[in-house]
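Asks: Turn this into a model:
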Amino acid sequence: MELTLDTIRDIKLYQNKKGYRFSVDALLLYSFVNLRRAYRIADMGAGSGIVGILLAKKYHDSEVALIEIQNSLAGLAEKNITLNKVEKRVRVIRTDIKKFKLGDFHSENKTTLNSSLLTPNSFDLVVSNPPFRRQKTGLISPTDEKAIARHEIELKLADLIQASCSLLRSKGRLCMIYHPSRLVELIDALREKHMEPKRLRFVHSNLMTEAKMALVEAIKDGRTEMKIEKPFCIYKENGTYTDEMKALY
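Replies: Next comes the predicted model:
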């Protein structure tokens, strides 16, 4: 595919011109992470690597695993790691998340990885901007990259939660962005795996609209208590970006 070279915050990113491209959701997810430090980070369904690379820049002592099933996007992520000079700390793992079970990791390119990145029960943070549309709902993209990234074709919610739980240490955190219409389903899936939802923030176009996305943080083996943060609004009443939205870019 034809590529574009885009700049966002302090990184540059190659993307397929007509394939899956990152949206504001990636920046919202990145900004939602508020850990003081994180040494091992996994980005589930990393795409071209934007969230994981941004987190590697934020947490200078971290090792980051970009987990992606699509070869085209994994290849771009590898290019973007080199482009942003984080190849010593960031690795791409081309694998199907459904194959990751507690103590049993399968990867198509093990030889390129730092083995410490693959240790179960050792990650401080998992992030994910997963597909949230069920199959046979909404319009399916004609390009596989977009379809797999947006619809549950290759990855279902339960598989993502299982893999995240397997990776995280006790008290490790999962940060996700997901659709509000499936929030109850998400919370049920998290608690089934002893992942306790701790923070919730809704994203609105403006204060007069219903939530369009939800940011959720869950803690493995956490206590029951959840903080509802103030809404994130993308636009002011006059249609311009809010100050918080401007700061994302």
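
Asks: For my notes, confirm Leu207 occurs in a strand.
Replies: No. Leu207: not assigned to a strand; according to DSSP: H, G, I helix; E, B strand; the rest coil it is coil.

Asks: thought it was touching Cys233?
Replies: Yes. Under the criterion of C-beta atoms under 8 Å, Leu207 makes contact with Cys233 at 5.7 Å. For every residue, glycine as well, the C-beta is placed using N, CA and C.

Asks: So the two - more neighbours on which side?
Replies: Cys233 (19 against 11; other C-beta atoms under 10 Å).

Asks: Now do the residue nearest to the spatial centre of the chain, the pLDDT please.
Replies: Nearest to the mean C-alpha position of the chain, by C-alpha atoms, centre = their mean, lies Ser128 at 2.2 Å. At Ser128, the predicted lDDT confidence score is 97.

Asks: What of the one 5 residues further on?
Replies: Looking at Arg133, its pLDDT reads 64.

Asks: Then Ile161 would be within a helix, right?
Replies: Yes. Secondary structure of Ile161 (three-state DSSP): part of a helix.

Asks: Which element, helix or strand, includes the spatially closest residue to it that is not a sequence neighbour?
Replies: Nearest residue to Ile161 in three dimensions, chain neighbours excluded: Ala189, at 4.8 Å (C-beta to C-beta, 6 or more residues apart in numbering). Remark: Ala189 resides in helix 183-192, with elements defined by DSSP states H and E.

Asks: Compute the inter-axis angle for the helix or strand following that helix and helix 183-192.
Replies: The first helix or strand that comes after helix 183-192 along the chain, using DSSP H and E, is strand 195-204. Computed by axes from the mean of the first three to the mean of the last three C-alpha atoms, to 10 degrees, the angle separating strand 195-204 from helix 183-192 equals 160 degrees.

Asks: Just checking: what are the partner strands of the helix or strand following strand 195-204?
Replies: Next helix or strand after strand 195-204 toward the C-terminus (DSSP H and E): strand 211-220. Paired strands of strand 211-220, with direction, are strand 168-178 (antiparallel), strand 195-204 (antiparallel) (DSSP bridges).

Asks: tell me the average confidence for the last one?
Replies: Predicted confidence along strand 195-204 averages 98 (mean pLDDT).

Asks: for stretch 52-66, same thing?
Replies: 97.

Asks: what about that stretch, how long is it end to end?
Replies: 6 Å (C-alpha to C-alpha, to the nearest Å).
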